[in-house]
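Visitor: quick check, what structure comes out for this input:
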Amino acid sequence: MPTALVTGGAGFLGSHLCDYLLEKGYRVLCVDNLDTSSLANIEHIRGERFQFLYHDMVEHLDVAEPIDFVYHLASPASPIDYLRLPLHTLKVGSYGTHNALGLAKFKRARFLLASTSEVYGDPLVHPQPETYWGNVNPVGPRGVYDEAKRYAEAMTMAYHRQQGVDTAIVRIFNTYGPKMRPNDGRAVPTFVRQALDGEPITVFGDGTQTRSFCYVDDLIRGLVLLAESGEHMPVNIGNPNEFTLIDLAEKVLKITGSSSEIVFEALPIDDPQQRQPDITRAKQVLGWEPEIELEEGLRRMIAALGREPVRV
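Guide: Residues are numbered from 1 along each chain as shown. Below you'll find the predicted structure:
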């Protein structure tokens, strides 16, 4: 029975990853400090093959048992969180990644870094292939997250090249699904919450900026395929189908049957205008591509909430 340690395992992506690994027969050690996550995400998991460790990855972690895989997902991931926790975001990207890599080295485990499409910044190349080095503002408010992940990628490759650690890097594009916090500031959970509560749907800018939304089940499948492969260089995982934020708002209104109106607010600093993954490498290296389209994924996410919209 292989053992996987998942940092950030009580978060949105981490908890789905724990579920998936348990279904595949893994023993799972879930590590989290609960800064931006919740025990409610893992409360349904019981049994000898799952253990929760309350721990901040900024601090050294000792684990007594053998470990085969380290999935390093720990980090604030939404703008609301990393703007609220800028120093901790930088620390978990640096110290936290260092500690996770050190553990993988000691245990001779395969290491997977959950990086992000934010390493591309506000891209000048579209769609974004892994060979693109990005257009990031290092001193802007989003720089604490963007540069933390870029640093984490550099450290991961240094451990691979100089220390011989078996590493992988996934660049995660916009992902959505059940267990997202309704107030985490990202477009999908925000629009869904506003539609169900009968509030105006707030679109930043003019709504023509684009995003590509990947349903969480597809994303997690790609993560595990990458971890179980022999690939070391970064791989984009995301859905290449591109939608404007107006498209997204209209789909949420259609599915919920909400009568909420769409309103527009000022665009945040350094908010990217386009975000679309080139998943050629994921197809070639992993045989992976997404299967769940946006409307179906939104229906699943909204159904999991089990509530009707407030009528206004």
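Visitor: ok now stretch 280-287, how far from the chain's centre?
Guide: 19 Å (CA atoms, centre = their mean, to the nearest Å).
Visitor: buried ones in that stretch?
Guide: Residues 281-282, 286 are the ones in stretch 280-287 that count as buried (16 or more other CB atoms under 10 Å). Bear in mind the C-beta positions are built from the backbone N, C-alpha and C, glycine included.
Visitor: ok, stretch 114-133 next?
Guide: Here stretch 114-133 shows 114-123, 127-128, 130, 132 as buried, counting by 16+ other CB under 10 Å.
Visitor: stretch 200-214 now?
Guide: Of the residues in stretch 200-214, those with enough neighbours to count as buried (16+ other CB under 10 Å) are 201, 203, 207, 209-214.
Visitor: next: stretch 99-119.
Guide: 99-105, 107, 109-119.
Visitor: picking up where we left off before, farthest-apart pair in the buried residues of stretch 114-133, please.
Guide: Longest distance between any two of these is 21.2 Å, between Ala114 and Asp122; criterion CB to CB.
Visitor: can I get the buried residues of stretch 200-214 in CSV with pLDDT?
Guide: As requested, the buried residues of stretch 200-214 are exported to CSV (pLDDT from 0 to 100):
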residue, pLDDT
Ile201, 95
Val203, 92
Gly207, 88
Gln209, 88
Thr210, 87
Arg211, 89
Ser212, 92
Phe213, 95
Cys214, 97
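Visitor: and of those residues, the nearest to Thr89?
Guide: Using CB to CB, these come closest to Thr89 at Arg211, 21.2 Å.
Visitor: going on from the helix or strand in which that closest one is found, what's the next piece of helix or strand?
Guide: Assessed by DSSP states H and E, Arg211 sits inside strand 210-212. Counting by DSSP H and E, the element after strand 210-212 in chain order, helix or strand, is strand 214-215.
Visitor: which residues does that next one contact?
Guide: Outside of strand 214-215, the residues within contact range by CB atoms under 8 Å, 6 or more residues apart in numbering are 173-177, 237-239, 290, 292, 294, 296-297, 300.
Visitor: now, of those, which are buried?
Guide: Of these, these count as buried by 16+ other CB under 10 Å: 173-177, 237-239, 290, 292, 294, 297, 300.
Visitor: now, those residues that are in strands?
Guide: Judged by DSSP state E, the buried ones among the contacts of strand 214-215 include 175-176, 237 as members of strands.
Visitor: put together CSV for these, with pLDDT and distance to Gly222 on each row.
Guide: Converted to CSV, these look like this (pLDDT from 0 to 100; distance: CB to CB, whole Å):
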residue, pLDDT, distance to Gly222
Thr175, 97, 10
Tyr176, 96, 15
Ile237, 98, 4
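Visitor: distance to Asp146 added to these, as TSV?
Guide: Below are these laid out as TSV (distance: CB to CB, whole Å):
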residue	distance to Asp146
Thr175	17
Tyr176	20
Ile237	18
